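> No letters, just coordinates:
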């Protein structure tokens, strides 16, 4: 699904990603953990195509295509979803309007028919119910007045509606209480646990991995993967800290 080879990237001419190699096979959930400043969010933004994040070397293959050759909207249409640590607010635009326009734009790019208003509302209600979210909240402006947990639940609803092949979730557990954490974990499992989908889950802490069991855990330090292992590696990181495990 995702293959990264010798990736180097800079932000404001400062090297952040320094020779990163990573393979996420189809049907697997991989977690990336690491200390602050390791390059975790930079990696997510590079894969999503955020402006200002410049790739200076290496390659990224997504579902057999050259990901780096695609514009951000083309990456989304190809099936890549990027979840943000801090979802942005968009005053004046209802979440339902935002989601419907996003979904139909992707459907048009794939040569599919747009969803009618009725069909879309039905889909949105189904996905909101899955996350334990009142669908009425989706009538509000995007993330305006939402708590941290509500923003993350809404983002999971968005992911369910978009139905991506690969979800890159950047610290989606940030700021969540126990109930919200469980809901987000349930959303990831119900939406993305499938033979034809994959997840790259970026997190500081092991706690989300209690609900989303990863197939592999990778330690990112100083811009590269320095260690990989099974789910037990996350527990080792929790006990020993990054300095000991990444040494």
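Yep, it's here. Note that this is a predicted model, so its numbers are computed, not measured. Numbering: from 1, shown residues only.
> Can you give me the neighbour number for the closest residue to residue 84 other than its chain neighbours?
Closest residue to residue 84 apart from its sequence neighbours, by C-beta to C-beta, 6 or more residues apart in numbering: residue 170 at 5.9 Å. All C-beta spots, glycine's among them, are computed from the backbone N, C-alpha and C. For residue 170, the count of nearby residues is 23 (other C-beta atoms under 10 Å).
> Quick check: residue 170 vs residue 155, distance?
To residue 155, residue 170 is 11 Å away according to C-beta to C-beta, to the nearest Å.
> Now do the shared contacts for the two.
Here residue 170 and residue 155 have 83-84 as joint contacts, going by C-beta atoms under 8 Å, 6 or more residues apart in numbering.
> got any ranges where the chain has weak pLDDT?
Applying pLDDT under 70 to the chain picks out residues 244-247.
> any chance you could map the helices in it?
Applying DSSP state H to the chain gives helices spanning 40-48, 72-77, 95-109, 117-130, 148-162, 178-192, 232-240, 242-245.
> need the ones you listed in JSON lines with mean neighbour count and distance to residue 4, can you?
Below are the helices of the chain laid out as JSON lines (neighbours: other C-beta atoms under 10 Å; distance: least, C-beta to C-beta, whole Å):
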{"stretch": "helix 40-48", "mean neighbour count": "22", "distance to residue 4": "8"}
{"stretch": "helix 72-77", "mean neighbour count": "16", "distance to residue 4": "14"}
{"stretch": "helix 95-109", "mean neighbour count": "17", "distance to residue 4": "24"}
{"stretch": "helix 117-130", "mean neighbour count": "16", "distance to residue 4": "30"}
{"stretch": "helix 148-162", "mean neighbour count": "22", "distance to residue 4": "21"}
{"stretch": "helix 178-192", "mean neighbour count": "18", "distance to residue 4": "19"}
{"stretch": "helix 232-240", "mean neighbour count": "16", "distance to residue 4": "19"}
{"stretch": "helix 242-245", "mean neighbour count": "14", "distance to residue 4": "21"}
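> how about the ones you listed, which one is nearest residue 209?
With C-beta to C-beta as the criterion, residue 209 lies closest to helix 232-240 of the helices of the chain, at 5.1 Å.
> Need the contact partners of the closest one.
Here helix 232-240 makes contact (C-beta under 8 Å, 6+ apart) with 31, 33, 205-206, 209, 214, 217, 219, 227, 229, 245.
> ok, residue 87 - contacts?
143, 151-152, 154-155.
> picking that back up, mind putting the contacts of helix 232-240 in a markdown table, distance to residue 20 included?
Listed next are the contacts of helix 232-240 as a markdown table, based on distance: C-beta to C-beta, whole Å:
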| residue | distance to residue 20 |
| --- | --- |
| 31 | 15 |
| 33 | 14 |
| 205 | 21 |
| 206 | 22 |
| 209 | 21 |
| 214 | 18 |
| 217 | 15 |
| 219 | 12 |
| 227 | 13 |
| 229 | 17 |
| 245 | 18 |
